[in-house]
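Novice: please work out how this folds:
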Amino acid sequence: MDDWAGRLYRELDEWNFAGVAASMWWRDDDAQAPSAALDRALELAQKYHAPLALAVIPHRMDAALAARLAAAKSTVCVLQHGFAHRNHARPDEKKMELGAHRPAAAVHHELGAGFAALRSAFGARFTPALTPPWNRIAPELLAELADAGFTGLSTFGPRPAPAAAPGLRVVNTHADIIDWKNGKRFAGADAAAGALVAHLRARRLGEVDDAEPTGLLTHHLVHDDAAWEFLARLLAQLDDHPAVKWRRAEEIFAARN
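Specialist: Got it, this is the predicted structure:
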């Protein structure tokens with residue numbers, strides 16, 4: 001067993017010894033159209049019994065994506081990944097689509113159009129949770145999301161509170177397997193698994209909100225062979241451990257966490 005796998009297994013053993021389920025969820029970003037990469041993610045989800053929350057970019061969505069997901073044998077739901085995944089920040093700022101760079105009314109209009117498109121295309125498979133591109137959203141935009149029909153928000157890192165605004169539950173991701181700062185490459189097994197272990201351990205020790213499921217974040221369109229190999233091994237290990245309890249996105253954004 002590799003070092004990263006051993007560390008993860010030992011942390012999960014601590015949860016098992018305590019008689020507590022290690023709740024987890026899986027979000028995959030930037031979905032747009034059917035592809036061989038998407039097929040591979042769906043196959044892994046089915047093989048290892050891991051519900052997949054697919055964050056779809058409404059403005060880039062291919063109509064064939066709905067048919068592909070309808071035919072999927074794995075458990076998969078759709079979240080809303082912004083609107084067009086277009087950066088509106090200045091060159092000296094971090095990338096952001098849902099920022100204060102445009103009138104709030106214009107941003108909400110786009111989000112509403114994206115919401116309607118996803119609900120029409122995917123029906124009950126659509127879970128009305130917003131995943132902002134680059135995991136960033138201006139705080140002043142949050143209050144109106146629930147009124148627009150959103151029930152959830154998902155970014156990155158331990159959540160500071162269970163709700164971002166009244167009626168808007170927060171469930172974040174905590175381990176991204178891609179290193180975006182160094183060529184959009186696989187982050188490496190030690191880094192990716194280490195982030196999972198770190199969040200699980202912090203939950204177990206009460207250092208972060210222990211009710212927030214630990215979130216795995218992937219991006220199927222940029223995975224190289226090493227990323228796919230790691231993901232398969234990781235999902236196999238999680239499927240094998242009795243402490244792990246996978247949560248479906250439609251459940252975690254519809255109930256208090």
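
Novice: so for the strand or helix carrying residue 6, what gets flagged as buried?
Specialist: Per DSSP states H and E, residue 6 falls inside helix 3-17. By 16 or more other CB atoms under 10 Å, the buried positions in helix 3-17 come out as 4, 7-9, 11-12, 15-16. For glycine as for every other residue, the C-beta is placed from the backbone atoms N, C-alpha and C.

Novice: looks like residue 210 contacts residue 204 (just checking).
Specialist: Yes - using CB atoms under 8 Å, residue 210 is in contact with residue 204, at 7.2 Å.

Novice: who's more crowded, the two?
Specialist: With neighbours defined as other CB atoms under 10 Å, residue 210 and residue 204 compare such that residue 204 has more, 16 against 13.

Novice: setting aside sequence neighbours, what's the nearest residue to residue 250?
Specialist: residue 127 (4.6 Å; CB to CB, 6 or more residues apart in numbering).

Novice: for that neighbour, helix, strand, or coil?
Specialist: Here residue 127 is strand, with the state taken from DSSP: H, G, I helix; E, B strand; the rest coil.

Novice: ok, it - contacts?
Specialist: Residues near residue 127 by CB atoms under 8 Å, 6 or more residues apart in numbering: 53, 77-79, 151-152, 249-250, 253-254.

Novice: one more pass at 10 Å, please.
Specialist: 53-54, 77-80, 118, 150-152, 248-254 (CB atoms under 10 Å, 6 or more residues apart in numbering).

Novice: what of residue 174?
Specialist: Per CB under 10 Å, 6+ apart, neighbours of residue 174: 24, 156-159, 195-196, 198-200, 202-203, 208, 212-217.

Novice: do that again at 8 Å, thanks
Specialist: For residue 174, the contacting residues are 156-158, 195-196, 198-199, 214-217, by CB under 8 Å, 6+ apart.

Novice: residue 56 now?
Specialist: Contacts here follow CB under 8 Å, 6+ apart; on that basis residue 56 touches 31-32, 65, 78-81, 118, 122.

Novice: so the spatially most central residue of the chain: helix, strand or coil?
Specialist: What sits nearest the mean C-alpha location of the chain, by CA atoms, centre = their mean, is residue 27, with 2.7 Å. Under three-state DSSP, residue 27 falls in the strand class.
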